[in-house]
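[1] Build the 3D model from these lines:
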Amino acid sequence: MSHTPRSRTVVSCVLLVIALGAGAVTACGSDGNPLAERPYDASDQISFSGLQGDGRKADPAKPLEVLAEDADEPITDVIAVDASGRYVAGELSADGTRWHSTQPLAADAHYTVRVSTEDDDGAPGRRVLTFDTGKLTSQKRLGVELGPEAGTYGVGQPVTAKLDRPVKDPAQRAVVERGLKVDSTPSAPGAWHWVDDKELHYRPRDYWPAHATIRVHSNLDGIRISDGLWGGRSKEVKLTIGDRIVAVTDAAAHSMTVYKNDRVINTIPVTTGKPGFETRNGVKVVLGKERLVRMRSTTVGIAEGSSESYDLPVEYATRVTWSGEYVHAAPWSVGSQGSANVSHGCTGMSTSNAEWFFDTVRAGDVVKVVGSNGHTMEPFGNGFGDWNLDWPKWSEGSALTATGKQKTNQDTSTLQPAAV
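    Residues are numbered from 1 along each chain as shown. Sure, this is the predicted structure:
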């Protein structure tokens with residue numbers, strides 16, 4: 001049934017309170033959908049607290065709040081958005097009498113707030129407010145470097161955010177985390193995890209969908225994080241995900257099986273780490289590829305001249321840890337490949353197989369090791385071991401998770417070549 005706009009006599013209706021300090025209303029009005037029931041103009045039933053009309057701008061450090069005086073005429077929706085398209089998250093009480101923002105407003109921004117109401121007959125009302133916020137009160141900015149750099153990656157590639165100053169307080173971490181956005185097409189919901197006070201990683205529950213498009217950006221510009229610290233600008237990053245390449249190395253069976261989009265495309269005899277130098281179990285992510293690399297035992301703590309020392313030029317080396325674990329050509333161990341583990345921790349294979357593997361994988365592809373007597377790949381600090389945390393543990397590292405815990409981890413190890 002259509003509703004005809006009419007004059008209405010009310011005792012109490014909706015009160016919009018913007019607890020922003022002194023600010024200026026720059027425009028007001030109503031809007032409606034001509035194809036649906038036109039909302040009545042609720043302008044005369046709404047008042048604004050703290051807006052004195054003297055040209056002063058609203059304080060971005062204070063929250064946005066909307067109140068209804070009468071539960072019989074509740075708020076049904078509030079949409080607050082700035083001129084750059086950043087929406088303000090908020091919560092509406094169950095009885096519709098109060099809505100409040102749950103994240104800070106941006107400084108030096110222009111906002112539009114649309115409040116929808118409903119009278120006791122079910123007729124919709126609408127009120128629109130626009131206002132500006134004041135400029136930043138501090139010159140301290142939090143810089144955020146989003147990564148990896150734009151390009152095409154495998155399904156295991158985490159997104160990273162590196163901060164130029166530490167953020168330790170849980171409430172401040174929540175502000176930062178809310179401002180960091182990762183959008184995937186097709187959708188792949190995920191979560192941020194605080195690696196330490198200056199670095200976050202983002203991953204979905206499972207690997208990224210093959211051929212997905214990932215856009216990473218920050219909404220922190222002008223957002224108050226703490227007293228004297230405000231968000232700065234960050235460069236948006238666009239990633240493309242390639243085919244789903246997963247290589248599974250069974251150290252006990254001395255074999256690697258390579259899957260492309262869940263179909264086996266190759267099975268390769270390999271050798272992995274011998275006793276005392278066992279290859280790490282777990283999920284690793286390809287970090288990069290080197291056509292030729294010099295591998296020396298001294299870089300992994302083996303003394304020069306000892307029975308285990310080596311100094312070799314190695315071809316088709318695909319790196320999976322910063323501490324020097326590779327998948328690479330090992331022509332000197334072909335006789336053991338497929339039957340014994342004789343390496344110092346790397347996964348070795350014939351030169352032709354290593355060349356094929358080198359040409360098949362890219363950064364972000366997954367290399368998973370099972371059946372080794374070695375330790376499990378650490379989550380952080382030696383490459384991307386992010387997938388070795390199950391989803392509940394990963395989620396605990398988010399400042400937005402109720403059970404979230406602050407985590408600190410070792411710094412990234414120095415880039416080293418390598419163990420053969």
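
[2] partner strands of the helix or strand hosting residue 114, parallel or antiparallel?
    Secondary structure assigned from DSSP states H and E places residue 114 in strand 110-118. Under the criterion DSSP bridges, strand 110-118 sits next to strand 75-82 (antiparallel), strand 124-132 (antiparallel) in its sheet.

[3] Where among these is average confidence lowest?
    Across the strands paired with strand 110-118, strand 124-132 has the smallest mean pLDDT, namely a mean of 85.

[4] hang on, the earlier thing: pLDDT averaged over the strand holding residue 114 - what is it?
    Strand 110-118 carries an average pLDDT of 87.

[5] C-alpha coordinates for that strand, PDB please?
    Output in PDB follows, covering the C-alpha atoms of strand 110-118 (Å, rounded to 0.1, in the frame of the first residue of the first chain):
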ATOM      1  CA  HIS A 110      33.000  16.000   4.100                       C
ATOM      2  CA  TYR A 111      30.400  13.600   5.400                       C
ATOM      3  CA  THR A 112      26.800  12.800   4.400                       C
ATOM      4  CA  VAL A 113      24.600  11.100   6.900                       C
ATOM      5  CA  ARG A 114      21.200   9.500   5.900                       C
ATOM      6  CA  VAL A 115      18.900   8.500   8.700                       C
ATOM      7  CA  SER A 116      15.900   6.400   8.000                       C
ATOM      8  CA  THR A 117      13.000   6.200  10.500                       C
ATOM      9  CA  GLU A 118       9.600   4.600  10.800                       C
END
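
[6] you'd agree residue 200 is in a strand?
    Yes: assessed by DSSP: H, G, I helix; E, B strand; the rest coil, residue 200 belongs to a strand.

[7] Bridging across strands, which residues link to residue 131?
    Going by DSSP bridges, residue 131 forms beta bridges with residue 25, residue 111.

[8] Quick check: it touching residue 58?
    Yes: using Cβ atoms under 8 Å, residue 131 is in contact with residue 58, at 5.3 Å. Quick note: C-beta positions are derived from backbone N, CA and C, even for glycine.

[9] Assign residue 392 to one of the three secondary structure states.
    Residue 392 is classified as helix under three-state DSSP.

[10] I'd like the distance between it and residue 195.
    For residue 392, the distance to residue 195 equals 17 Å [Cβ to Cβ, to the nearest Å].

[11] again with residue 336
    For residue 336, the distance to residue 195 - Cβ to Cβ - is 37 Å.

[12] and if you look at residue 361?
    For residue 361, the distance to residue 195 equals 24 Å [Cβ to Cβ].

[13] Kindly report the same for residue 349.
    Residue 349 is 32 Å from residue 195, where distance means Cβ to Cβ.

[14] between the two, which one's more packed in?
    residue 349 (27 against 24; other Cβ atoms under 10 Å).

[15] and the residue nearest to the more buried one when sequence neighbours are not counted, how many residues sit next to it?
    Among residues not flanking residue 349 along the chain, residue 270 sits closest, at 5.0 Å (Cβ to Cβ, 6 or more residues apart in numbering). Residues lying near residue 270 (other Cβ under 10 Å) number 30.
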